[in-house]
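Peer 1: Sequence and predicted structure, then a few things I'm wondering about:
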Amino acid sequence: MTLLRRVVSTDHRIIGIQYLLLALTSVAIGTILSLLMRIHLVWPGWRLPLYGVILPEDYLALVTIHGTIMLFFVLTTAPQSGFSNLVLPAQIGSRRMAFPALNAASFWLTAAALVVLLCSTFAPGGAPISGWTAYPPLSAVPSAGPGQGAGMDFWLASLALFAIASTIGSINTLVTIIRFRCEGMTWERLPLTVWGWFTAALLSVIAFSVLLAAILLLFCDRHAGTSFFLPAGDLVNGVLHSAHGKGGGSPLLWLHLFWFFGHPEVYIAILPGLGVTSMLLANFSFRRVFAYRTMIVTTLMIGFLGILLWGHHMFVAGLNPFAASVFSISTMAIALPASAKVLSWLATTWRSRPSYKTPMLFSLGFVSLFIAGGLTGPILAQPILDEYLHNTFFVVAHFHLIMAMAAIFGLYAATYYWFPLMSGRLMSEALGRWHFWLTLVGAYATFVPMHLAGLAGEPRHYAQLTGVPNAAGVMLARLVPLNRFITYSALFLATAQLLFLWNLVRSLRRGAPASLNPWLATTLEWHPALNPFGQAAPDGPLTVHRSPCQYEITPSGELFLPQWAPDTLADTTGEATFNTKPE
């Protein structure tokens, strides 16, 4: 196959790898931007080579582009588009996605969205500075400040393209799961990874449709003379918006539309990680998933509740107190299915003899970060506490632990686990273990102290902590040593990721050859006929005989029963069962 045919391929595995490479590029850019932010926050006079001192508007641009890249092009693209394309069809016994051409179009729209976003940094007037939330009225007025002109238009165009691509990709995912399951693959036999992708796809279709509508309305406010988000009598950079001309809208409308998308987006990013973790903990513990049906229900409950509680981002926006109470209660309610998942993970691994391979370590790290980040959720769900903590580094620490780091650990677990399906080789266990421990230490050292900075009142969008007058300046100056420690930790965390990059590049060419089922997994992507490096003939229908993660302890050893193994072979050895653990 020529390079051009690979680039424009409609093969779901190639598209999945393309998504993952795009996400890898994006995370590298986003990490560099975050380090520039941290360095500037501690040493505001530091001169960036070939650029000079980072100005306050430059800092806000870094915040905007960093947040947009990491949220959309990493935390959404990699788990929901990358790994689902790579693995999902095989896990349900299919050899393709439902709409291959649309699948390829979705990737190229996503790539175009990233290019447009990066082009915004070179737009006349500078990059957008409204943050990834783009609150009006400032974002609705091109003359509101630097970066609010062409740069903001590029940002809106990028997100519009991404919303269209994600909606197309999610519809493709849903149709594939509903219509392309093989014989015997009932809903109760679907792997929990598939349930994670299914629920996230449902959320994506709803949430990204609303985001696209909000973007179009904001664009009309900027260029078509409308006033969906511009209040009457609002003075922005010397321009008065009156009720007789442009004006009469409400910025609160944008908050409702944006956060109706924004909070489900959290679960779009984390649900695939929940599914991967559940399956890997069972795989490497050689156990069945505890309360499998309950885990399916909790996945759906998290998706359902996640789309109902957007208003907890708006406690300080002037909501009706009754509405604030409703959103507060629904926010705390989502802790119930999340806690049920944690209990299932603990029960699955309890008194087992797990194999601590790198995918298992990152799965355990996911559990740790999911719990640590989730513990601060009920705090922010209290309106009276959120009034103080809102828009401080406490919020930054919360969503970075549970959304960024937990989701990233899920991505690492999936990468190490499914790497043999991409290359036919195994990644280095020694480098993988070093990578895990350094990343875990770096994650906690970076984001736990941010909670303390937030409790001390540090705002999240201040470009520097020194030079601020009055008592606020005294308070912020006292936080410089703590922020210096956070910056050092962030540099340490970023440096640790070089181990992963080296392991990835090295293993592609010199990694140990992997067997067809190196982890003794029970799901269909490891079937000899579906494994891209298998020797079995790809033709012929597949049949599923049982749920995943069927492991048994017998007098002769521990056996695993793959989903494709016929019942007549359940008590034999050979292709159906094995009595050794992965080494």
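Peer 2: Nice, thanks for sending it over.
Peer 1: ranges for the helices of the stretch 101-250 of the chain?
Peer 2: For the stretch 101-250 of the chain, the helices defined by DSSP state H, counting those that start in this stretch occupy 150-179, 192-223.
Peer 1: Now do the buried residues in the last one.
Peer 2: Meaning helix 192-223. When burial is assessed from 16 or more other Cβ atoms under 10 Å, helix 192-223 yields the following buried residues: 192-212, 214-215, 217-219, 221-222. Using the backbone N, CA and C atoms, a C-beta is placed for each residue, glycine as well.
Peer 1: what do you get for the first one?
Peer 2: By neighbour count on 16+ other Cβ under 10 Å, the buried set for helix 150-179 is 150-174, 176-177.
Peer 1: What's the end-to-end length of stretch 222-233?
Peer 2: 17 Å (Cα to Cα, to the nearest Å).
Peer 1: And stretch 326-339, end to end?
Peer 2: This stretch, stretch 326-339, spans 21 Å end to end (Cα to Cα).
Peer 1: can you list the residues that contact it?
Peer 2: Residues outside stretch 326-339 that contact it (Cβ atoms under 8 Å, 6 or more residues apart in numbering) are 297-299, 301-302, 305-306, 308-312, 314-315, 319, 370, 374, 377-378, 381-383.
Peer 1: quick check: mean pLDDT across that stretch?
Peer 2: Average pLDDT, stretch 326-339: 91.
Peer 1: Stretch 178-197 now?
Peer 2: Rounded mean pLDDT across stretch 178-197 is 95.
Peer 1: How far does it stretch from one end to the other?
Peer 2: End-to-end for stretch 178-197, by Cα to Cα: 12 Å.
Peer 1: sorry, back to before: got CSV for the helices of the stretch 101-250 of the chain, with distance to Ala324 too?
Peer 2: Shown next, in CSV, are the helices of the stretch 101-250 of the chain (distance: least, Cβ to Cβ, whole Å):
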stretch, distance to Ala324
helix 150-179, 28
helix 192-223, 21
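Peer 1: Report the secondary structure element holding Ala28.
Peer 2: In this structure, Ala28 is located in helix 12-42 according to DSSP states H and E.
Peer 1: Nearest residue to the middle of the protein?
Peer 2: Nearest to the mean C-alpha position of the chain, by Cα atoms, centre = their mean, lies Leu75 at 2.5 Å.
Peer 1: hang on, it packs against His400?
Peer 2: No - under the criterion of Cβ atoms under 8 Å, Leu75 is not in contact with His400, lying 10.9 Å apart.
Peer 1: Quick check: the gap between Phe399 and Ser363.
Peer 2: Remark: distance between Phe399 and Ser363 (Cβ to Cβ, to the nearest Å) = 21 Å.
Peer 1: One more: Leu212?
Peer 2: According to Cβ to Cβ, Leu212 stands 34 Å off from Ser363.
Peer 1: One more: Leu491?
Peer 2: 27 Å.
Peer 1: quick one, which of those two is more surrounded?
Peer 2: Between Leu491 and Ser363, counting by other Cβ atoms under 10 Å, Ser363 is the more crowded of the two (32 against 15).
Peer 1: That one reaches Phe284, doesn't it?
Peer 2: Yes - using Cβ under 8 Å, Ser363 makes contact with Phe284 at a distance of 7.5 Å.
Peer 1: for the stretch 51-200 of the chain, which spans come out with low pLDDT?
Peer 2: Filtered on pLDDT under 70, the stretch 51-200 of the chain yields no residues whatsoever.
Peer 1: That one: strands as residue ranges?
Peer 2: 52-53 (DSSP state E, counting those that start in this stretch).
Peer 1: returning to that earlier point: what average pLDDT does the helix holding Ala28 get?
Peer 2: Computed over helix 12-42, the average pLDDT equals 96.
Peer 1: And stretch 259-267, by the same measure?
Peer 2: 93.
Peer 1: Can you tell me what sits against it?
Peer 2: Residues outside stretch 259-267 that contact it (Cβ under 8 Å, 6+ apart): 71, 76, 133, 199-200, 203-204, 206-208, 210-211, 214, 302-303, 306-307, 309-314, 399, 403.
Peer 1: pull the CA atoms of it into PDB?
Peer 2: C-alpha atoms of stretch 259-267 as PDB (Å, rounded to 0.1, in the frame of the first residue of the first chain):
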ATOM      1  CA  TRP A 259     -22.000  24.300  29.800                       C
ATOM      2  CA  PHE A 260     -24.800  22.000  28.500                       C
ATOM      3  CA  PHE A 261     -22.000  20.900  26.300                       C
ATOM      4  CA  GLY A 262     -19.100  21.500  28.600                       C
ATOM      5  CA  HIS A 263     -20.000  19.200  31.500                       C
ATOM      6  CA  PRO A 264     -21.000  16.200  29.300                       C
ATOM      7  CA  GLU A 265     -17.600  16.700  27.700                       C
ATOM      8  CA  VAL A 266     -16.000  15.800  31.000                       C
ATOM      9  CA  TYR A 267     -17.700  12.400  30.800                       C
END
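Peer 1: what comes up buried for that stretch?
Peer 2: Trp259, Phe260, Phe261, Gly262, His263, Pro264, Glu265, Val266, Tyr267.
Peer 1: Could you do stretch 15-22 as well?
Peer 2: Applying 16+ other Cβ under 10 Å to stretch 15-22 flags Ile15, Gly16, Ile17, Gln18, Tyr19, Leu20, Leu22 as buried.
Peer 1: ok, so of these, who is nearest Ala61?
Peer 2: Ala61 has its nearest neighbour among those in Leu22, at 21.9 Å by Cβ to Cβ.
Peer 1: Contacts only, for the closest one.
Peer 2: Phe73, Thr77, Phe107, Thr110, Ala111, Leu114.
Peer 1: change it to 7 Å
Peer 2: When the contact criterion is Cβ atoms under 7 Å, 6 or more residues apart in numbering, the partners of Leu22 are Phe73, Thr77, Thr110, Ala111, Leu114.
Peer 1: Repeat that for Ser285.
Peer 2: Ser285 neighbours (Cβ under 7 Å, 6+ apart): Thr348, Thr349, Ser352, Pro354.
Peer 1: And the furthest pair within the residues you listed?
Peer 2: Thr348 and Pro354 (9.7 Å).
Peer 1: wait, doesn't Phe485 sit right on Phe447?
Peer 2: No - using Cβ atoms under 7 Å as the test, Phe485 is too far from Phe447 to be in contact (11.9 Å).
Peer 1: When these two are compared, which one has more neighbours?
Peer 2: Phe447 (26 against 14).
Peer 1: Please identify which helix or strand holds that one.
Peer 2: Short version, using DSSP H and E: Phe447 is in helix 429-455.
Peer 1: Report the rounded mean pLDDT for that helix.
Peer 2: 96.
Peer 1: where does the stretch 401-550 of the chain have low pLDDT?
Peer 2: 535-539.
Peer 1: rewinding a little: using JSON lines, lay out the contacts of Ser285 together with secondary structure.
Peer 2: Output for the contacts of Ser285, formatted as JSON lines (DSSP: H, G, I helix; E, B strand; the rest coil):
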{"residue": "Thr348", "secondary structure": "helix"}
{"residue": "Thr349", "secondary structure": "helix"}
{"residue": "Ser352", "secondary structure": "coil"}
{"residue": "Pro354", "secondary structure": "coil"}
